[in-house]
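Peer 1: this one's structure only:
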């Protein structure tokens, strides 16, 4: 097998590529589409049921039908009017926290991942193991000490500091660092070498060259972080001090009681809450297209 | 001269000590109390939310200087409360479920109330003892007052029983014969929970118990425990009963509503559920059937308690005694969302059986660490039900867990 | 020194020092946050695991007593067994599924947006919502059993009488199936991201050399995905050993039916929030940490050494 080294240009979205080329993988076209369509059906059944339940009345919601007999938007009206705090406020809270957490995860994840993958410093591998170690501590275990620290920092209050408190907890995750590090490991080292020979510092080399190149990984981190914080229940539950700070998952529990669940508004709200993530995902998934298209090929 | 000074000095000290939050004794003037009190609890259904607001409004009218800040906790109440307790920042007034009351009392997070009740004049004699005793610690002090109470009773589908030609059972033996009669007609008579918080009612009915009267030793070996347990398990084995899970529902109420079973054992929470989800099913409440030791049922209750570290204890006391006093409780229960835990508050319409059952109800409240015993029993019962254990296994596993908790320091 | 991060470089001797400085500077903020909120908690837990510690603080020093109690507790043994069983099965399934989906999606052109979105969909909805839906579908009277009946299989004849989530023999496997499916979307995402970094020239060269598509996949693509394998396997194992949400929702906190859904983190939750024994719970946490850390070290041995970086 001949050695192939490449100098890469940054991947552009929707770059022209060979169509459905067998070169890119082992399966035949027919098989591929058959699998995809079957699997998609499987995926959409629960979602279809969610939507259809949101248009039913409570007694009917327990039935296994997909088409409501007397469709009604009552559930949506209930979700809009009966929640405390109101739906737009919860949406805003969820949004603020998710955006903040995503921004810091993307930036520090990339910066740190770059350092762990491409810079040499004593203790690097041990420190990375320590980073991985943070994933091995269940939230339930660190709840009490973390909560006490936040109380001491005066961040568990009815005021805006409360948001800063939860941001601190969600600001950077080892998974983000991990994803970025693994991605940076696959990029040839010649890239920065030329930049550094030209006189750029480490941060400049990172920011100007590596960061833009890593769009698929950045997209992964962004999607995972946003979705994780958007749907997250545990930390908002314990950190948000007053009802006006509640996020969507906390609000959703208002339709679940000890012995019964008010399904239609719960499904209506679930459907509404899923929309931003779907939009975000559709926006970011374009970065999964296109590999590193080649410039000069050596060897 | 010196003696007079000493007397005066101690009087000054006593008077200043009486002001502010937390002090007992002295002259407590309710009208001088002002400030905000934080009220918390788990999320209520919309009907409960409205009833609670009515009670809070009643309070605000009576004590205009005290503001109530209602901040419920969504979803996982124990997790959030434990975090707040550990940081010494509990809400001022909050719910305590009778099941965890022994633990929270032992952990020292609740404020004892007896001194204030006597010095500030709050009458606790009207509470049903079964409910009130759930919140007494091993030191005999009271750590909360029950805000309402619920007992288990028997709810049955009148149409299904009439169609099968049977009367609702009044003893355990009749339960067996009713089960057989309905099975002959191809129906499941009972939807039964495979858990201690229902089975224990039957155990008490046959004269058994978990604990001795002083709660210092286990009483599982005494007669009645095994008999009742065998009887209950047999209902399943004979095909007269199924668990909710086996019927494809998440609780007995749904089984009743979907007519998958004719008889269930639940509490007052059934009514709003049936009204909202299955309004067309006709059912009726009667007392629990009698065992060989007579009538017995379980009483579930929740208290309002004050946090030990609460910064607004006087205001909290006012709110607590109002909500659990005659006026507040009437406002809370009159719509039927809950049943009163006081004898001087009338039972809402249709709840007579549930309220009168309180007179022979055993409280669902035991010793610290009880959750482990509960889990041991429930898991062992499921094992026996699914064929990998016997009644003796259930008993030995429960006894082991109970003894371990009793001997824990 | 700090400026060197942004521009220019000094003489050869200090360049390594500048690189090291840059390295530490870039990871500083994450490390500080980790030390305070994660690693700090670990040391805190290690400390209080030596005490009997209640909600409001310590009551007695007990040394290794908590650890002795855990090692004798049958329920904890079951929890470890369940967590390991779950991990050993769910990880290969969700990784293989994720890889298969990524490879498939990477190949197609028409409709790729739609398919990429739909495959990731199970991971998008909140874990609690999907679990609740799952319970509903898998109930004895639910959609799944109805479908089985449509194709002529009567669930009542099964050992569990169609009660998938309530029977001790099928509860864990059902949850396993659910999680393998929902997490495969995230695995797909990881693999998709890494697949983009494989230059197309690689495939061209393979074709020129006469390799067929399957050979090209196994001989070229698969090994080139090694950084992704490490990522995927490590995060899967770490996550699987800490499975909690589904065990909590399906099994209710006591791990019913018959402890088949009692996982290590559920046990930890019970010790903390239902038995209020923080010291005991901390010792559970330490044991759990040791188990997961060991598993990760083993994986690192096989997959982890960063080829590129190590070569430098």
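Peer 2: Yes, it's here. Here the structure is a predicted model, which means the values were calculated and not measured. Numbering: from 1, shown residues only, chains lettered A, B, ... in the order given.

Peer 1: partner strands of the biggest strand by length in chain B and their direction?
Peer 2: Counting by DSSP state E, the longest strand found in chain B is strand B:297-306. In the sheet containing strand B:297-306, its partner strands are strand B:93-97 (antiparallel), strand B:145-151 (antiparallel), strand B:361-363 (parallel), by DSSP bridges.

Peer 1: export those strands to JSON lines and tack on mean pLDDT?
Peer 2: Below are the strands paired with strand B:297-306 laid out as JSON lines (pLDDT from 0 to 100):
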{"stretch": "strand B:93-97", "mean pLDDT": "96"}
{"stretch": "strand B:145-151", "mean pLDDT": "92"}
{"stretch": "strand B:361-363", "mean pLDDT": "91"}
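
Peer 1: I figured residue B:141 hits residue B:116, correct?
Peer 2: No. Under the criterion of C-beta atoms under 8 Å, residue B:141 makes no contact with residue B:116, lying 11.2 Å away. Every residue, glycine included, has its C-beta placed from N, CA and C.

Peer 1: let me see the confidence value for the closest residue to chain A within the stretch 151-300 of chain B.
Peer 2: When distances are taken as C-beta to the nearest C-beta, the stretch 151-300 of chain B reaches nearest to chain A at residue B:273, 4.8 Å away. Predicted confidence (pLDDT) at residue B:273: the value is 85.

Peer 1: what does residue A:249 show for phi and psi?
Peer 2: Per-residue torsions, residue A:249: phi -60, psi -40 (degrees, to the nearest 10).

Peer 1: from residue A:247, how far off is the closest residue to it other than its chain neighbours?
Peer 2: The shortest distance from residue A:249 to any non-neighbouring residue, by C-beta to C-beta, 6 or more residues apart in numbering or on different chains, is to residue A:233 (4.4 Å). Residue A:233 sits 8 Å away from residue A:247 when distances are taken as C-beta to C-beta, to the nearest Å.

Peer 1: more neighbours: which of these two?
Peer 2: Ranked by neighbour count (other C-beta atoms under 10 Å in any protein chain shown), residue A:233 and residue A:247 place residue A:247 first, with 29 against 20.

Peer 1: in contact with residue C:184, which residues?
Peer 2: C:93-94, C:97-98, C:101, C:119, C:122 (C-beta atoms under 8 Å, 6 or more residues apart in numbering or on different chains).

Peer 1: for residue C:278, that is, sorry about that
Peer 2: The contact partners of residue C:278, taken as C-beta under 8 Å, 6+ apart, are A:144, B:86, C:48, C:53-55, C:272.

Peer 1: what is the burial count for the closest residue to chain B within the stretch 1-150 of chain C?
Peer 2: Per C-beta to the nearest C-beta, the residue of the stretch 1-150 of chain C with the smallest distance to chain B is residue C:141, at 2.7 Å. Burial of residue C:141, expressed as a neighbour count using other C-beta under 10 Å, amounts to 19.

Peer 1: once you drop chain neighbours, what's closest to it?
Peer 2: Distances taken as C-beta to C-beta, 6+ apart put residue B:248 closest to residue C:141, at 2.7 Å, once the chain neighbours are dropped.

Peer 1: looks to me like the one you found is in a helix.
Peer 2: No. Membership of residue B:248 in a helix is not supported by DSSP: H, G, I helix; E, B strand; the rest coil, which gives coil.

Peer 1: now do the same contact list for it.
Peer 2: When contacts are counted by C-beta under 8 Å, 6+ apart, residue B:248 is found next to B:260, C:139-142, C:145, C:162-163.
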